[in-house]
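*Asks:* give the three-dimensional model of this entry:
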Amino acid sequence: METLYGEGYTYVFVTQRQDYADVDKGSDAFMGALSKALGKQGAEKLLADWSNCLISSHSELRLRRPDLSSKMPKDPQSFAKLVGESRVLRSISVRVRPGHAADFEALLKDVNAHADRNPETRPVLISQVIEGDRGDIYYISFLRNSLAGMDKEPTLKDILGEEGLAKFEKNIAETAEGSESAIFRFRPDMSYPPQEVSDVAADYWQPKTTMAVAAKPKPKTPK
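*Replies:* This next block holds a predicted model:
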């Protein structure tokens, strides 16, 4: 993904892993593929060129939290369909005050209890940083098929009502240190999605490369 609104010149690469062991497995497979395709020296040069393009980078592991999410797809096929149909992602990161993680999670569950009963709400996915950053950080993600798809999102006031919103704002002020938001758009030309995701919209996720071919001049007709 690349940033539409947020930190400029920023790209986000996301890979799903089952567990820590799968992280090792994925890293070994990636490096093995580079070395096989480019040779050891070619792979090292590519990684060096990559580093030279960067101002900075940051990596982290996040744990998906279905128990804190709202209307999350129940099976892998439905999840793949949600991702495959999405074109943009709105992300809100919340840094929770030390010792208040349980309080914050209780707030999310309360919001979900109301959101799940509202027919106008759509999936909202929660993940939690477990490696790569300090403190308790949660990501609230909205996968949508376009920016226009965000125009009619029910607000917290719509979901909780005025009294519920006032209670939420009071509690969130006591549990959260701060938050940041950004909107990203997917870059299928730079992605290698799982087959079950690309099958949802193959024309989008597997864009065909068009090569420009110079037209040959027509031979002159003898006079």
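*Asks:* run a quick neighbour tally on residue 55.
*Replies:* Residue 55 has 6 neighbours, counted by other C-beta atoms under 10 Å. The way it works is simple: take the backbone N, C-alpha and C, and place the C-beta from them, glycine included.
*Asks:* now do the SS call for it.
*Replies:* Look at residue 55: counting by DSSP: H, G, I helix; E, B strand; the rest coil, its state is coil.
*Asks:* same question for residue 182.
*Replies:* Under three-state DSSP, residue 182 comes out as strand.
*Asks:* residues in a beta bridge with it, which ones?
*Replies:* Beta-bridge pairing of residue 182 under DSSP bridges involves residue 91.
*Asks:* that one against residue 12, yeah?
*Replies:* No - counting by C-beta atoms under 8 Å, residue 12 is not a contact partner of residue 182; they are 9.0 Å apart.
*Asks:* anything in contact with each of these two?
*Replies:* Overlap of the contact sets of residue 182 and residue 12 (by C-beta atoms under 8 Å, 6 or more residues apart in numbering) consists of residue 3.
*Asks:* show me the shaky parts of the protein.
*Replies:* Within the chain, the ranges that satisfy pLDDT under 70 run 209-223.
*Asks:* where exactly do the strands run in it?
*Replies:* Using DSSP state E, the strands of the chain run over 2-5, 61-64, 88-96, 125-131, 136-144, 176-185.
*Asks:* can you give me the angle the longest one makes with strand 88-96?
*Replies:* Meaning strand 176-185. 170 degrees (axes from the mean of the first three to the mean of the last three C-alpha atoms, to 10 degrees).
*Asks:* what is strand 176-185 packed up against?
*Replies:* strand 2-5, strand 88-96 (3 or more C-beta pairs under 8 Å, 6 or more residues apart in numbering; DSSP states H and E).
*Asks:* again with the fifth one
*Replies:* In terms of contact count using 3+ C-beta pairs under 8 Å, 6+ apart, strand 136-144 is assigned the packing partners strand 88-96, helix 101-115, strand 125-131.
*Asks:* what is the burial count for the nearest residue to residue 58 once chain neighbours are set aside?
*Replies:* Excluding the flanking residues, the one nearest residue 58 by C-beta to C-beta, 6 or more residues apart in numbering is residue 132, at 7.1 Å. Taking other C-beta under 10 Å as the criterion, the count of residues near residue 132 is 11.
*Asks:* my read: residue 132 touches residue 57, true?
*Replies:* No - using C-beta under 8 Å, residue 132 is not in contact with residue 57, being 11.1 Å away.
*Asks:* tell me the buried residues in the helix ranked longest in the chain?
*Replies:* Ranked by number of residues, the top helix in the chain under DSSP state H is helix 20-52. Using 16 or more other C-beta atoms under 10 Å as the test for burial, helix 20-52 gives 34, 43.
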